[in-house]
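[1] fold the following and give me the result.
(one chain, ligands or ions: 3)
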Amino acid sequence: MQPYSELFKAGELVFAEGDAPSGAYLIESGRIEISTTQLGEPRVLGVLGPGMLLGEMAVLDESTRTATARALTDCRLILIGKDQFAERLAAADPVVRALLMSQLTRYRSALATLTGDTRDAGSAATVEPHEAFALGKIRLESELRAALERKELELRLQPIEEIVSGRIAGYEALVRWTHPERGAVSPAEFIRLAEETSLILPIGDYVLERACDMLVELRKRGFKPLPFIAANLSGRQIDDPTLVERILALLRARDLPPDRLKLEVTESLVMDHARIGELLARCHAVGMPVALDDFGTGYSNLGPLLTLNFDQIKLDASFIRALDRPRGVAMVGVIVGMAHALDCDLIAEGVETREQREVLHRLGCRYAQGWLVGKPLSLEDVLGRH
Ligand code: C2E
Ligand code: CA
Ligand code: CA
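    Ligands and ions are numbered 1, 2, ... in the order given. The predicted structure is shown next:
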């Protein structure tokens, strides 16, 4: 489809100050002069040429045109509808949108000062709800960054039990942030926020280092055999080709066997088989086990298990909750069989009742994790219970 374009003759008006915005333009050919009236006198703000946008400001915030555009030469302009911007803006990262709108407001207020028009001076102070949301996010992100520097993030250890023996085989490391005003912020909220930027990388490093330090503490206190600690990995961490080497360096520096630190990757990350395949190969080369987390949720698909040789599968809590129904029991039974056939250990997540553990035992599931076994504990509590 041909783009919709309009021709303007040299000297012709494209739009005038005070007009309602109909759309923006992309200049295909020719030159356009932008001017405004300053204290009653016309003042040229600039000349725009091919490839440049014209009149986009009024479309972004729906205010009237704050400048006049006139063709200096014959021009061809491609009309861009309001909706074309609106849709993309709505889909953009809210932080990017807030930045854009804040710049627009500032530009308008500078323009008003320049032209002596102070009618809209107050409007710069209003903050739209979506901007407040985006700025709240930025604020939380800055606070999170500071919390990381001040080492205010804390690692909790949730026990994982070997069902047959009742022995605690290891722990999953779950990060906690105690916000000075908001109290405990769920990792479900702040990890997602950190994942939107590279902040997840230093957080991930911190978690891995703390997990290694905790293994050292457990060893010092005589935990024998030494339990494993499993750390959750994010997509951006997996993209780092030096990740495994760096983890290995942490372990070596503490003289820890590599099989005591496990890595958990969620099913949603496994969309990219090649990437996870590389991670698995690197980990296996040095003897570090990797678990497939949240199995059975979201991207439920057996494809990853066809090609990727995980050491463990963590069955999502939704399956454990279904153990009170014959269908749930049947499905978990099949998944236990599948895990055995693939030579993988199965860990049931979110085990809350004795009945659930009983059924899991009967079905032959090896490990259980959940409130029945124990809530996430501070290291002190873990040491205290020994
Ligand atoms: P996840 O890896 O699936 O972790 C298990 C979550 O289930 C934890 O929530 C845990 O506290 C909760 N849970 C454990 N047992 C039970 C139970 O019996 N019943 C119920 N209702 N819940 C139970 P948490 O600690 O809020 O963590 C949420 C998610 O945040 C984790 O899900 C994980 O994806 C992410 N996360 C936590 N720590 C880290 C981290 O250090 N790095 C990364 N990348 N993600 C993390
Ligand atoms: Ca996990
Ligand atoms: Ca999980």
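
[2] count the residues that sit near the residue of the stretch 51-200 of the chain found nearest ligand 2.
    Nearest residue of the stretch 51-200 of the chain to ligand 2: residue 172, at 5.7 Å (C-beta to the ion). (Each C-beta comes from the backbone N, C-alpha and C, glycine too.) When counting by other C-beta atoms under 10 Å, one arrives at 24 neighbours for residue 172.

[3] buried stuff in the lengthiest strand in the chain?
    The single longest strand within the chain, with elements called by DSSP state E, is strand 167-179. Under the neighbour-count criterion of 16 or more other C-beta atoms under 10 Å, strand 167-179 has 168-177 buried.

[4] check stretch 359-377 too.
    359-360, 363, 365-370, 372-374, 376-377.

[5] what's the farthest-apart pair in the buried residues of strand 167-179?
    169 and 177 (27.4 Å; C-beta to C-beta).

[6] can you pull the domain assignment for the protein?
    5-92, 140-384 (automatic domain parsing).

[7] ranking the ones you listed by burial, who's on top?
    Using mean count of other C-beta atoms under 10 Å, the stretch among the domains of the chain with the largest mean neighbour count is domain 140-384, at a mean of 17.

[8] okay, residue 184: pLDDT?
    Note for residue 184: predicted pLDDT of 84.

[9] thought it was touching residue 177?
    Yes: in terms of C-beta atoms under 8 Å, residue 184 counts as a neighbour of residue 177; the distance is 7.2 Å.

[10] partner residues bridging the residue in the stretch 51-200 of the chain positioned nearest to ligand 3?
    Proximity of the stretch 51-200 of the chain to ligand 3 (C-beta to the ion) peaks at residue 172, 8.1 Å away. Legend: beta-bridge partners of residue 172 under DSSP bridges are residue 158, residue 230.

[11] residue contacts, it?
    157-158, 160, 229-230, 232, 264, 369, 376 (C-beta atoms under 8 Å, 6 or more residues apart in numbering).

[12] out of the residues you listed, which comes closest to ligand 1?
    Among the contacts of residue 172, residue 232 lies closest to ligand 1 (C-beta to the nearest ligand atom), at 3.6 Å.

[13] okay, the closest residue in space to the closest one that isn't next to it in sequence and residue 156: tell me how far apart.
    Distances taken as C-beta to C-beta, 6 or more residues apart in numbering place residue 264 nearest to residue 232, at 4.9 Å, with adjacent residues excluded. Distance of residue 264 to residue 156, computed by C-beta to C-beta, to the nearest Å: 15 Å.

[14] same check, this time on residue 228
    16 Å.

[15] what of residue 186?
    12 Å.

[16] list the residues that contact both of the two?
    Joint contacts of residue 186 and residue 156 (C-beta under 8 Å, 6+ apart) do not exist.

[17] can you give me the helices in the stretch 1-150 of the chain?
    Ranges of helices in the stretch 1-150 of the chain, per DSSP state H, counting those that start in this stretch, are 56-61, 82-91, 94-115, 129-149.

[18] list the helices and strands the shortest one packs on?
    Under the contact definition 3 or more C-beta pairs under 8 Å, 6 or more residues apart in numbering; DSSP states H and E, helix 56-61 sits against strand 23-29, helix 82-91, helix 94-115.

[19] if we look at that helix, which residues are touching it?
    So helix 56-61 is contacted by 21, 23-24, 63-66, 80, 82, 85, 89, 100-101, 104-105, 107-108 (C-beta under 8 Å, 6+ apart).

[20] what residues does the stretch 51-200 of the chain have near ligand 1?
    Residues of the stretch 51-200 of the chain found near ligand 1 (C-beta under 6 Å from any ligand atom) are 158, 174-175, 186-188, 191.

[21] tabulate the residues you listed (TSV), appending distance to residue 10.
    Listed next are these as TSV, based on distance: C-beta to C-beta, whole Å:
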residue	distance to residue 10
158	74
174	68
175	64
186	62
187	62
188	60
191	58
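
[22] ok, so of these, who is nearest residue 223?
    Looking across these and measuring by C-beta to C-beta, the closest to residue 223 is residue 158, at 15.7 Å.

[23] just list the residues touching that closest one, thanks.
    Residue 158 makes contacts with 171-172, 174, 369, 374-377, as judged by C-beta under 8 Å, 6+ apart.
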